[in-house]
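> the sequence isn't on hand, but the structure is:
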């Protein structure tokens, strides 16, 4: 999605954008859309895995802050975007079988199962508007691309069948603005909160910052430092490691846009 298109949707309401997504008129990544509103990651798992994943999220709240849980078989959201359909209102989904990615789809009606329990997890796109209001540039929005995301060597706390390493998103921040970025995002723990690392990517197991595991590479300019936040793609890395027999997620960067104001997610 181009920067021009991004600007078109920045001022739209979440409901209007979700309708365009449902009609498959928007199929790209959602960073910068619906300014001021929170976005969310998705993972839908068979009920037999739901308790283990809930426990995993509770033990790893920075990577997996839960915004809402849909019970077995439910498809309509009740709290963060009442009446939205979890099967159709995300621009792009992923389907996994035994930890392997089987494909990406604009809706998952054909794959839906009545035993699925769905978790909506906070997304770092939600704090980007607050960062920009504070005068902090967001490079992937400037470049009209997806945020770069990396699988790290930071181990998550195991729960039941689920284990694996944290995924982080990265934003280049001018050195003098790093403390402000930490303070702004630290006020929003429901969407990952403060960074987990600042500086040398190799210290957290990232060998080449120009080759993200998910998303797009972005320019890091002179006088900037890479800053890394916990990322809601962590469950996908954990699924690939733990290999549950079936799972549906969002495609990285292609988020569910809620009706929740970002300011309501602050302390």
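Now that the structure is in, tell me what you want to look at. A quick note: this is a predicted structure, and the numbers were derived from the prediction, not measured.

> now do the buried residues in the lengthiest helix in the chain.
Longest helix in the chain, counting residues (DSSP state H): helix 47-59. Within helix 47-59, the residues scored as buried using 16 or more other Cβ atoms under 10 Å are 49, 50, 52, 53, 54, 56, 57. The way it works is simple: take the backbone N, C-alpha and C, and place the C-beta from them, glycine included.

> end to end on stretch 168-181, go ahead and measure it.
Stretch 168-181 has its terminal residues 16 Å apart, counting by Cα to Cα, to the nearest Å.

> buried ones in it?
168, 169, 170, 171, 172, 173, 174, 177, 178, 181.

> now the buried residues of helix 47-59 as CSV including distance to residue 237 and pLDDT?
Shown next, in CSV, are those (distance: Cβ to Cβ, whole Å; pLDDT from 0 to 100):
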residue, distance to residue 237, pLDDT
49, 16, 98
50, 19, 97
52, 16, 98
53, 13, 98
54, 18, 98
56, 12, 98
57, 14, 97
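
> run a quick neighbour tally on residue 204.
Residues contacting residue 204 under the criterion other Cβ atoms under 10 Å number 18.

> go ahead and confirm it touches residue 151.
No - counting by Cβ atoms under 8 Å, residue 204 sits too far from residue 151 to count as a contact (9.8 Å).

> please, which helix or strand holds residue 18?
Assigned by DSSP states H and E, residue 18 belongs to helix 14-22.

> distance between that helix and the chain's centre?
18 Å (Cα atoms, centre = their mean, to the nearest Å).

> what does that helix contact?
Here helix 14-22 makes contact (Cβ atoms under 8 Å, 6 or more residues apart in numbering) with 9, 26-27, 30, 33-34, 37, 81, 84-85, 88-91, 107, 257-259.

> in helices, which of the residues you listed appear?
residue 9.

> from the contacts of helix 14-22, which would you call buried?
By 16+ other Cβ under 10 Å, these give 9, 26, 30, 33-34, 37, 81, 84, 88-91, 107, 257-259 as buried.

> in strands only, show me those.
When DSSP state E is applied, those are split such that 37, 257, 258, 259 fall in strands.

> and the buried residues of stretch 168-181 as TSV, adding pLDDT and distance to residue 252?
TSV is the format used below for the buried residues of stretch 168-181 (pLDDT from 0 to 100; distance: Cβ to Cβ, whole Å):
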residue	pLDDT	distance to residue 252
168	97	12
169	96	9
170	97	13
171	97	15
172	97	19
173	97	21
174	97	26
177	97	26
178	97	25
181	96	22
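
> from these, which is closest to residue 244?
Taking Cβ to Cβ as the measure, residue 244 sits nearest to residue 168 out of the buried residues of stretch 168-181, at 22.7 Å.

> which SSE is that closest one in?
Judged by DSSP H and E, residue 168 forms part of strand 165-174.

> still on that earlier bit, any idea how far the longest helix of the chain is from the chain center?
18 Å.

> what helices or strands is that helix leaning on?
Applying 3 or more Cβ pairs under 8 Å, 6 or more residues apart in numbering; DSSP states H and E, we find helix 47-59 packed against strand 66-70, strand 116-122.

> go with 7 Å
strand 116-122 (3 or more Cβ pairs under 7 Å, 6 or more residues apart in numbering; DSSP states H and E).

> so which residues of the stretch 101-250 of the chain form helices?
125-133, 139-142, 178-186, 234-242 (DSSP state H, counting those that start in this stretch).

> low-confidence ranges, this protein, go.
Applying pLDDT under 70 to the chain flags residues 1-7, 267.

> one more pass at 90, please.
1-8, 31-32, 124-126, 129, 144, 262-267 (pLDDT under 90).

> the strand holding residue 168 relative to helix 178-186, how many degrees between them?
130 degrees (axes from the mean of the first three to the mean of the last three Cα atoms, to 10 degrees).

> ok, strand 165-174: who's next to it in the sheet?
strand 149-155 (antiparallel), strand 224-230 (antiparallel) (DSSP bridges).
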